[in-house]
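> Here is my input, please return the structure:
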Amino acid sequence: MAEEIVEAPMRGRVIRVHVQSGSRVNEGDKICDIEALKLEVPILATVSGTVKTIHVSAGQTVEGGDPLAVIGE
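Residues are numbered from 1 along each chain as shown. Okay, the predicted model is just below:
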């Protein structure tokens, strides 16, 4: 499996990160939550694998398309 980059779907503020580097995730598991337009948007793993890198932390502002995490084998 190639590495999969999980990207922010929109501009917002990261309010919670649910995983760390080395965590095992399944497709559909929560990676983090972003607050956008007063809504809490869960960001889900797009594939199953191991979290290789987390690019964000709570309180950080992200733009749509920014990388949030990398998931690999």
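
> Quick one: residues contacting Pro9.
Ile34, Val41, Ile43, Gly64 (CB atoms under 8 Å, 6 or more residues apart in numbering). Using the backbone N, CA and C atoms, a C-beta is placed for each residue, glycine as well.

> Ramachandran coordinates for it?
Main-chain torsions, Pro9, degrees, to the nearest 10: phi -80, psi -20.

> ditto for Gly49
Residue torsions, per degrees, to the nearest 10, at Gly49 are phi 160, psi -160.

> Now do the helices in this protein.
Read by DSSP state H, the chain holds no helices at all.

> ranges for the strands of it?
Along the chain, the segments classed as strands by DSSP state E run 4-7, 12-17, 24-25, 30-36, 39-44, 49-54, 61-62, 67-72.

> could I get these as a markdown table with mean neighbour count and mean pLDDT?
Listed next are the strands of the chain as a markdown table, based on neighbours: other CB atoms under 10 Å; pLDDT from 0 to 100:
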| stretch | mean neighbour count | mean pLDDT |
| --- | --- | --- |
| strand 4-7 | 18 | 97 |
| strand 12-17 | 17 | 98 |
| strand 24-25 | 16 | 98 |
| strand 30-36 | 19 | 97 |
| strand 39-44 | 14 | 97 |
| strand 49-54 | 17 | 98 |
| strand 61-62 | 18 | 98 |
| strand 67-72 | 19 | 98 |
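
> Need the contacts of Pro9 in CSV (columns: distance to Thr53).
Formatted as CSV, the contacts of Pro9 follow (distance: CB to CB, whole Å):
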residue, distance to Thr53
Ile34, 18
Val41, 21
Ile43, 15
Gly64, 19
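
> Next, find the distance separating the closest residue to Cys32 other than its chain neighbours from Ala2.
Excluding the flanking residues, the one nearest Cys32 by CB to CB, 6 or more residues apart in numbering is Val17, at 4.6 Å. Val17 sits 23 Å away from Ala2, going by CB to CB, to the nearest Å.
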